[in-house]
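K.L.:
the sequence and its predicted three-dimensional model are supplied below.
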Amino acid sequence: MKKALLSFTLLFCAFISAQELTIPVKFLSSTKNTTERYIGTDAFGWEYTITDNEFRKQNDQKRLNYKSLSLGDIYRVDLQNPLQIVLFYKSFNTVVLLDNQLTETARFNFSDISQPIIAEAAGLASQNRLWLYDINTQQIGLYDTSQNSFKTITPQLNDGMKYYQSDYNYFYWINNSNKCYRVNLFGKVNPLGTVEDFDQLQFTAPTTVLFSKDNTLYLYNTETQSRKVVEIKEKSFKSFYYKEQILSIFTDNDITQYKITATE
């Protein structure tokens with residue numbers, strides 16, 4: 001009886017797994033990977049990568065690069081505006097801004113302002129401002145690059161910050177309990193639901209994320225807590241990036257691009 005029950009359970013689980021919804025993708029291109037970290041691809045086909053702590057922008061004809069020997073490792077890159085790229089050097093509490101030629105246009109050390117902060121997160125906001133998360137106060141705020149000043153806009157975050165992402169108008173984050181939130185420029189915080197455990201993640205809409213877990217890529221709705229498997233051919237990958245319907249998959253050997261339209 002126990003063997004029969006076990007067999008039925010295994011068959012039922014296999015059936016449920018086989019019925020998991022999927023998202024089809026269209027293969028676009030594949031290039032050989034010669035870098036350590038893939039950051040993303042912009043609408044003009046430029047690929048952004050990091051090798052030997054050098055930030056690179058390249059296409060088939062040209063390669064640009066930027067490297068700062070004095071600031072340590074590049075922790076995070078914000079690519080939302082290719083004309084104003086944000087490099088976050090977390091260990092030196094510093095952000096560097098680059099133009100589209102990867103020329104440094106500004107540098108901000110948050111230890112040097114009148115009320116120093118320790119930035120745990122940084123991203124580009126509108127009107128010459130940066131989103132920052134200050135680990136000292138555990139608050140999100142806006143840094144005015146022209147005034148060299150920081151103003152908090154949220155209450156203290158009681159459950160830390162596991163992941164963050166931002167655009168001009170919103171700062172998104174996931175806390176250590178996998179609850180999702182966003183705050184606008186005026187400090188209004190909205191809960192966005194919860195997400196499953198993940199290895200990597202990217203918001204594609206306020207309540208929709210792409211996330212990877214154990215080398216499987218999912219499209220997930222944080223409100224309904226429903227997911228679909230994205231049908232990429234890679235059995236293992238290091239990272240992914242999505243922008244304007246283009247999904248880029250980074251492996252040890254290749255950078256492969258797919259078109260994916262169902263991201264809501």
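P.N.:
Noted; the coordinates are in hand.

K.L.:
residues contacting the residue nearest to residue 36 when sequence neighbours are not counted?
P.N.:
Leaving aside its sequence neighbours, residue 36 sits nearest to residue 51 (Cβ to Cβ, 6 or more residues apart in numbering; 4.9 Å). The C-beta positions use only the backbone N, C-alpha and C, and glycine is treated the same way. Residues near residue 51 by Cβ atoms under 8 Å, 6 or more residues apart in numbering: 34, 35, 36, 37.

K.L.:
can you check residue 232 too?
P.N.:
Residue 232 touches 25, 217, 247, 249, 256, 258, counting by Cβ under 8 Å, 6+ apart.

K.L.:
mind checking the SS state of it?
P.N.:
Following DSSP: H, G, I helix; E, B strand; the rest coil, we place residue 232 in the coil state.

K.L.:
who's the residue nearest to residue 36 bridged to?
P.N.:
Beta bridges link residue 51 to residue 54, judged by DSSP bridges.

K.L.:
and of the contacts of residue 232, the nearest to residue 60?
P.N.:
Set against residue 60, the nearest of the contacts of residue 232 by Cβ to Cβ is residue 256 (16.0 Å).

K.L.:
remind me which residues of the stretch 1-150 of the chain are low pLDDT?
P.N.:
Scanning the stretch 1-150 of the chain for pLDDT under 70 picks out 1-19.

K.L.:
try 90
P.N.:
1-20, 31-35, 41-45, 60, 114 (pLDDT under 90).

K.L.:
those strands in it, which residues are they?
P.N.:
22-23, 26-32, 37-41, 47-51, 54-58, 63-66, 76-78, 85-89, 94-98, 104-109, 119-125, 129-134, 139-144, 149-152 (DSSP state E, counting those that start in this stretch).

K.L.:
nearest to residue 225, of the ones you listed?
P.N.:
strand 22-23 (16.6 Å).

K.L.:
separation between the nearest residue to residue 155 once chain neighbours are set aside and residue 153?
P.N.:
Among residues not flanking residue 155 along the chain, residue 139 sits closest, at 7.1 Å (Cβ to Cβ, 6+ apart). Taking Cβ to Cβ, to the nearest Å as the measure, residue 139 falls 8 Å from residue 153.

K.L.:
quick revisit: for the residue nearest to residue 155, list each beta-bridge partner.
P.N.:
On the basis of DSSP bridges, residue 139 is bridged to residue 134.

K.L.:
that one: how many residues sit nearby?
P.N.:
If you count neighbours by other Cβ atoms under 10 Å, residue 139 ends up with 19.

K.L.:
list the contacts for it?
P.N.:
133, 152, 153, 154, 155, 156, 157.

K.L.:
between these, which is nearest residue 30?
P.N.:
Lowest distance from residue 30 to the contacts of residue 139 (Cβ to Cβ) belongs to residue 133, with 36.2 Å.

K.L.:
count of neighbours near that closest one?
P.N.:
25.

K.L.:
that one touches residue 121, doesn't it?
P.N.:
Yes. Counting by Cβ atoms under 8 Å, residue 133 touches residue 121, with 3.8 Å between them.

K.L.:
any residues in contact with both of these two?
P.N.:
Residues touching both residue 133 and residue 121 (Cβ under 8 Å, 6+ apart): 140, 161, 164, 173.

K.L.:
return the residues in contact with residue 144.
P.N.:
Taking Cβ under 8 Å, 6+ apart, we find residue 144 in contact with 128, 129, 150, 151.

K.L.:
mind putting those residues in JSON lines, distance to residue 227 included?
P.N.:
Output for these, formatted as JSON lines (distance: Cβ to Cβ, whole Å):
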{"residue": "128", "distance to residue 227": "38"}
{"residue": "129", "distance to residue 227": "34"}
{"residue": "150", "distance to residue 227": "37"}
{"residue": "151", "distance to residue 227": "37"}
